[in-house]
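S.K.: What follows is a predicted protein model with its sequence.
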Amino acid sequence: MNSLSILDQERSFDVDPIEEMRMRTWARRHYTPAEDRGDDLHPIVLDEMARKDQERGYPRTPK
């Protein structure tokens, strides 16, 4: 199995880099604590909010 197919399996979403940057910016501007955010958000948004959790010193959420 080559590294490209492994990357495809790990990323179940496909957005271009500019759209990803927009989503991450949106996530930071609209940050919601883990207990209040829904699982229906895009994986990139959830990832960026989890990163902000870590920056604030909150424990990792098991999602």
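M.R.: Done, it's in.
S.K.: so where's the protein shaky on pLDDT?
M.R.: Along the chain, segments meeting pLDDT under 70 span 1-13, 60-63.
S.K.: in it, which spans are helices?
M.R.: Secondary structure of the chain (DSSP state H): helices located at 3-10, 17-29, 43-55.
S.K.: burial count for Leu41?
M.R.: Around Leu41 sit 16 other residues, with neighbours defined as other C-beta atoms under 10 Å. Using the backbone N, CA and C atoms, a C-beta is placed for each residue, glycine as well.
S.K.: before we move on, back to that, turn the helices of the chain into TSV, including mean neighbour count and distance to Arg37.
M.R.: What follows is the helices of the chain, written out as TSV (neighbours: other C-beta atoms under 10 Å; distance: least, C-beta to C-beta, whole Å):
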stretch	mean neighbour count	distance to Arg37
helix 3-10	9	22
helix 17-29	13	10
helix 43-55	16	6
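S.K.: Quick check: which of those helices is nearest to Glu35?
M.R.: helix 43-55 (10.7 Å; C-beta to C-beta).
S.K.: The residue positioned nearest the centre of the chain and Asp16, how far apart?
M.R.: For the chain, Asp47 is the residue whose C-alpha lies nearest the centre (C-alpha atoms, centre = their mean; 1.9 Å). Between Asp47 and Asp16 the distance is 16 Å, computed by C-beta to C-beta, to the nearest Å.
S.K.: same question, Asp40
M.R.: Counting by C-beta to C-beta, the gap from Asp40 to Asp16 is 22 Å.
S.K.: One more: Arg24?
M.R.: Arg24 sits 13 Å away from Asp16, taking C-beta to C-beta as the criterion.
S.K.: and the nearest residue to Asp53 once chain neighbours are set aside, what is it in contact with?
M.R.: Spatial nearest neighbour of Asp53, excluding adjacent residues (C-beta to C-beta, 6 or more residues apart in numbering): Ala34 at 6.0 Å. Counting by C-beta atoms under 8 Å, 6 or more residues apart in numbering, Ala34 makes contact with Met49, Ala50, Asp53, Tyr58, Thr61.
S.K.: out of those residues, who's nearest Glu20?
M.R.: Using C-beta to C-beta, those come closest to Glu20 at Met49, 14.2 Å.
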